[in-house]
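[1] structure, please.
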Amino acid sequence: MNSNHTEIHRVIGLIGGMSWESSAEYYRLINQGVRDRLGPLRSAKLLMYSVDFGPIEQAQHEGRWDDAAALLEDAARRLQQGGADGVLLCTNTMHKLADRIAAAVRIPFLHIADPVANAARTRGYRKLGLLGTRFTMEQPFMRERLQQQGLEVLVPQEADRAEVHRIIYEELCTGRILEESRRTYQRIMAQLAGQGAQAMVLGCTEISLLVQQEHCPVPVLDTTALHAQAAVDFALEP
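    Residues are numbered from 1 along each chain as shown. Down below sits the predicted model:
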């Protein structure tokens with residue numbers, strides 16, 4: 001069958017804005033994935049509800065997770081009402097609230113950790129280094145989801161976790177890409193590789209703005225790219 005006539009079966013709903021810098025990457029990668037599969041003039045059927053990150057970031061750092069959950073549950077319901085067939089949350093950190101967001105709607109919620117675990121297992125990796133916000137590295141919601149799928153997860157030491165977190169919020173979320181920060185990430189990734197990490201999970205959707213495969217001594221598992229690919233698969237499955 002001519003791919004130019006292949007039907008796109010599902011509308012993808014994206015909860016974005018956390019930050020919009022990485023949400024733009026989701027939009028690009030999903031559309032690029034559909035184009036690669038179906039032809040040069042094809043693009044995804046997408047809805048995006050982009051939140052104001054400021055109040056959510058403040059709620060994160062003040063521990064007001066119920067307030068943040070209410071905002072994201074509302075976003076998911078709006079996407080469902082708008083015709084989305086499934087929901088992606090375009091951020092790793094807020095997957096802390098994944099169960100609550102999934103429960104707020106009747107349509108599937110595509111969890112960011114699952115395509116990462118699938119890629120790791122398919123490629124034969126069992127021990128992973130994890131970089132992300134302090135919440136993602138220190139709280140169990142991402143590590144446990146990966147561990148439940150047979151994977152071991154290593155995180156940086158405390159001082160390095162603080163610096164990884166700072167660079168995300170003070171630089172990457174504001175569009176600042178600094179070579180000095182790239183070198184910091186390279187040092188931390190090399191330490192995790194030295195502890196036995198077979199691959200590195202870029203567990204924050206902004207990190208891929210700073211770090212690519214050529215900067216890492218072991219294979220990179222980019223959560224943004226893998227999540228976006230899962231969205232393409234979901235959209236095109238009959």
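
[2] for stretch 185-201, measure first residue to last.
    The first and last residues of stretch 185-201 sit 12 Å apart, counting by Cα to Cα, to the nearest Å.

[3] show me which positions of that stretch end up buried.
    Neighbour-count burial for stretch 185-201, counted by 16 or more other Cβ atoms under 10 Å, picks out 185, 188-190, 192-193, 197-201. Backbone N, C-alpha and C define where each C-beta goes, glycine included.

[4] ok, stretch 154-172 next?
    Buried positions in stretch 154-172, judged by neighbour count with 16+ other Cβ under 10 Å: 154-156, 160-161, 164-165, 167-169, 171-172.

[5] widest-spaced pair of these?
    154 and 171 (23.7 Å; Cβ to Cβ).

[6] list phi and psi for residue 46.
    Backbone torsions of residue 46, given as degrees, to the nearest 10, read phi -130, psi 140.

[7] tell me the spacing between it and residue 91.
    Counting by Cβ to Cβ, to the nearest Å, the separation of residue 46 from residue 91 is 17 Å.

[8] neighbour count for these two, which is higher?
    Per other Cβ atoms under 10 Å, whichever of residue 46 and residue 91 has more neighbours is residue 91, with 29 against 18.

[9] I'd say that one and residue 18 touch.
    Yes. Residue 91 lies in contact with residue 18 (Cβ atoms under 8 Å); the separation is 4.1 Å.

[10] what's the overlap in contacts for these two?
    Residues touching both residue 91 and residue 18 (Cβ atoms under 8 Å, 6 or more residues apart in numbering): residue 205.

[11] enumerate every residue touching residue 30.
    Residue 30 makes contact with 12, 44, 46, 228, 231-232, 235 under the criterion Cβ under 8 Å, 6+ apart.

[12] quick one: which of these is nearest to residue 148?
    Distances from residue 148 to the contacts of residue 30, taken by Cβ to Cβ, are shortest for residue 231, at 21.9 Å.

[13] which stretches in the chain count as strands?
    Counting by DSSP state E, one finds strands in the chain at the ranges 12-16, 46-50, 86-89, 127-131, 152-154, 199-202, 220-222.

[14] tell me the most buried of those strands?
    Among the strands of the chain, strand 199-202 has the highest mean neighbour count (mean count of other Cβ atoms under 10 Å), at a mean of 28.

[15] for the closest residue to residue 238 other than its chain neighbours, grab the count of nearby residues.
    Residue nearest to residue 238 in three dimensions, not counting chain neighbours: residue 9, with 5.9 Å by Cβ to Cβ, 6 or more residues apart in numbering. The tally of other residues near residue 9 (other Cβ under 10 Å) stands at 12.
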